[in-house]
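[1] can't give you the sequence, but here's the structure:
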Ligand code: SF4
């Protein structure tokens, strides 16, 4: 039987899909330009790495009111057609790309595709959320008991229902009320008929930046999406800040109790695009610096430093520069795999990672190779890559990992396997080395990672500067729903 090509919806899961933490979502909004939805489509395209399962745009036009379109699959396959974009007129629009972190996991249902929309007494509002609400189960139960009728299985919909119950007289004030009840991580982009609204949770776990384009304003998960529309980066929305933007300008307020920020350190390692700027630092440069720290912490005699493409590349460059060991493309990625797959029959499944990555045999043969990867999650892909490198005749294989061991799940908008499926949750570094059957395996230390992101003194154990819960097990916001379901926090030391 010949293989079938599938694309867009009904995405089959292949083995390598299973062995990375999944990016959360990307959000984008524009006010004050003609055809704002076209800008949003471009912005979402630049944020596609943050979610590939589905996307949506809501726009508002003074004459035609609110309009929306939600589609499964890539932005480029949906929001490029003139016939669709013509249905989204107006100077104000927001959008969302999604990988399901809550709701129907792994296979997004159309009813879970954002932005969500609510009609209130003072007018309509649409909202797109990046992050995860850690008390969503409790909120949902309470809201349903009080008569709310949920349309989706997404945690984000709680915000709309909480807004509906607020007695405030305008949408931003209602949103403040709603978000004060929410625990966990949220960056939100929302819109009314005239306002573009951006909010970050008090810890600022997920990113959100403010930009300027012509006479208009932009909100985006990352700066790389400002570049694509020619917008100028203005500043990050601060942790705990709400910005309410109209054509007149930006009104800023801080509605939450102030707390020390805890931005997600994994955004630096893996989630954000390397051409984005976070906290005034180039993500590429931070990743290169992680490689420098890794080479200092875990040197090894070898002939070549090779990245596991693509996310291991900047760290491998840094490792090579610091160690003096030549950098080489020992593994080549098939650039055209995308999410259009050959139907995974058993035979093709067994090819696994070879469908996406291939070893540069002529380069590898007889060499002692250092492989630099961003993370080890289950370890299944690392093992297969090691086998491919040995099959190609490498003399030795040494793994160097640009993050500390991922031993705890994330509850703040990143899809991680259950704790027992994480290799580092059940094995020490030496045991993982033996399990992967490599000549050596070393992870960057938590302090080394902090130094690489610019905290020169390393991690402040009393008041960590970032969220690093997936490495440390120290959750800055107690994941109350998960605790109620039996999740055990790390015992106090
Ligand atoms: S637990 Fe890890 S992935 Fe999740 S927000 Fe914290 S640092 Fe980021």
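    Sure thing, it's come through. Every value quoted in this text rests on a predicted model; they were computed, and no experiment measured them.
[2] any low-confidence regions in this protein?
    For the chain, applying pLDDT under 70 flags the ranges 1-19, 22-23, 100-108, 336-352.
[3] Repeat the analysis, applying 90 as the threshold.
    1-24, 52, 99-109, 247-248, 310-311, 333-357, 380-381, 415-418, 491-493 (pLDDT under 90).
[4] Output the set of residues of it in proximity to the ligand.
    Within the chain, the residues that sit near the ligand (Cβ under 6 Å from any ligand atom) are 205, 264, 265, 266, 410, 412, 414, 467, 468, 469, 470. Placement of C-beta: from N, CA and C, glycine included.
[5] what's around the third one, how many residues?
    It refers to residue 265. Look at residue 265: counted by other Cβ atoms under 10 Å, it has 26 neighbours.
[6] The second one now?
    Neighbour count for residue 264, taken as other Cβ under 10 Å: 27.
[7] What of residue 467?
    Residue 467 has 26 nearby residues by other Cβ under 10 Å.
[8] any idea how far it is from residue 65?
    The gap separating residue 467 from residue 65 is 39 Å, by Cβ to Cβ, to the nearest Å.
[9] ditto for residue 167
    25 Å.
[10] Compare the two (neighbour count), which wins?
    The residue with more neighbours, out of residue 167 and residue 65, is residue 65; 13 against 7, by other Cβ under 10 Å.
[11] Please spell out which residue in the chain sits farthest from the middle.
    residue 366 (37.9 Å; Cα atoms, centre = their mean).
[12] any idea how far residue 388 is from it?
    Applying Cβ to Cβ to residue 366 and residue 388 gives a distance of 16 Å.
[13] Show me the beta-bridge partners of the closest residue to the ligand within the stretch 251-400 of the chain.
    Residue of the stretch 251-400 of the chain nearest the ligand, by Cβ to the nearest ligand atom: residue 264 (3.2 Å). Beta-bridge partners recorded for residue 264 (DSSP bridges): residue 467.
[14] Quickly find the element holding the residue of the stretch 301-450 of the chain found nearest the ligand.
    Scanning the stretch 301-450 of the chain for the residue nearest the ligand gives residue 410, at 3.0 Å (criterion: Cβ to the nearest ligand atom). Under the assignment given by DSSP states H and E, residue 410 is not contained in any helix or strand.
[15] thought it was touching residue 471?
    No. Assessed by Cβ atoms under 8 Å, residue 410 is found out of contact with residue 471, at 10.2 Å.
[16] hang on, residue 166 packs against residue 174?
    Yes. Using Cβ under 8 Å, residue 166 is in contact with residue 174, at 4.0 Å.
[17] which of the two has more neighbours?
    Higher neighbour count among residue 166 and residue 174: residue 174, with 24 against 18, using other Cβ under 10 Å.
[18] C-terminal to whichever strand or helix holds that one, what's the next element?
    Per DSSP H and E: residue 174 is located in helix 171-180. The helix or strand immediately downstream of helix 171-180 is strand 184-191, counting by DSSP H and E.
[19] Each with direction, which strands does the helix or strand following that following strand pair with?
    Per DSSP H and E, the first helix or strand lying C-terminal to strand 184-191 is strand 196-200. Here strand 196-200 has these sheet partners by DSSP bridges: strand 184-191 (antiparallel), strand 242-246 (antiparallel).
[20] So the residue of the stretch 51-200 of the chain found nearest the ligand versus residue 366, what's the distance?
    The nearest approach of the stretch 51-200 of the chain to the ligand comes at residue 185, 6.3 Å away (Cβ to the nearest ligand atom). To residue 366, residue 185 is 48 Å away according to Cβ to Cβ.
[21] so how many other residues sit close to the residue of the stretch 51-200 of the chain closest to the ligand?
    As a measure of burial, residue 185 has 29 neighbours, counting by other Cβ under 10 Å.
[22] Show me which positions of the helix ranked longest in the chain end up buried.
    With secondary structure taken from DSSP state H, the chain has its longest helix at helix 283-297. Buried residues in helix 283-297, defined by neighbour count with 16 or more other Cβ atoms under 10 Å: 283, 284, 286, 287, 288, 289, 290, 291, 292, 293, 294, 295.
[23] Most widely separated two among the residues you listed?
    283 and 295 (19.2 Å; Cβ to Cβ).
[24] quick one, what contacts the residue of the stretch 301-450 of the chain closest to the ligand?
    Counting by Cβ atoms under 8 Å, 6 or more residues apart in numbering, residue 410 touches 21, 266, 416, 469, 470.
[25] any chance of those in JSON lines, plus distance to residue 143, neighbour count and secondary structure?
    Below are the contacts of residue 410 laid out as JSON lines (distance: Cβ to Cβ, whole Å; neighbours: other Cβ atoms under 10 Å; DSSP: H, G, I helix; E, B strand; the rest coil):
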{"residue": "21", "distance to residue 143": "30", "neighbour count": "22", "secondary structure": "coil"}
{"residue": "266", "distance to residue 143": "31", "neighbour count": "25", "secondary structure": "helix"}
{"residue": "416", "distance to residue 143": "27", "neighbour count": "18", "secondary structure": "coil"}
{"residue": "469", "distance to residue 143": "27", "neighbour count": "26", "secondary structure": "helix"}
{"residue": "470", "distance to residue 143": "29", "neighbour count": "27", "secondary structure": "helix"}
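[26] Now the two most distant members of these.
    21 and 469 (12.3 Å).
[27] ok so, going back, angle of the helix holding residue 174 against strand 242-246?
    Between helix 171-180 and strand 242-246, the angle comes out at 160 degrees (axes from the mean of the first three to the mean of the last three Cα atoms, to 10 degrees).
[28] other SSEs contacting helix 171-180?
    strand 123-133, helix 157-165, strand 184-191, strand 196-200, strand 242-246 (3 or more Cβ pairs under 8 Å, 6 or more residues apart in numbering; DSSP states H and E).
[29] what's in contact with that helix?
    So helix 171-180 is in contact with 120, 122-123, 125, 127, 158-160, 162-163, 166, 168, 186, 188, 190, 192, 195, 197, 199, 201, 242, 244, 253, 255-256, going by Cβ under 8 Å, 6+ apart.
[30] ok, now stretch 252-267?
    Residues contacting stretch 252-267 (Cβ under 8 Å, 6+ apart): 21, 176, 179-180, 185, 201-207, 238-244, 271, 278-279, 283, 403, 410, 412, 414, 449-450, 453, 463-468, 470-471, 476.
[31] Pull out the buried residues from these.
    Here, 16+ other Cβ under 10 Å leaves 21, 176, 179, 185, 201-207, 238-244, 271, 278-279, 283, 403, 410, 412, 414, 449-450, 453, 464-468, 470-471, 476 buried among the contacts of stretch 252-267.
[32] residues near residue 422, how many?
    Residue 422, neighbours per other Cβ under 10 Å, totals 22.
[33] Ramachandran angles for it?
    phi -80, psi 120 (degrees, to the nearest 10).
[34] which other helices and strands contact the helix or strand that contains residue 382?
    For residue 382, the enclosing helix or strand under DSSP H and E is helix 380-391. Applying 3+ Cβ pairs under 8 Å, 6+ apart, one finds that helix 380-391 contacts strand 331-333, strand 357-359, strand 368-373, strand 396-401, helix 429-436.
[35] thinking again about what came up before, which residues touch the residue farthest from the centre of the chain?
    Counted by Cβ under 8 Å, 6+ apart, residue 366 has contacts 393, 394, 395.
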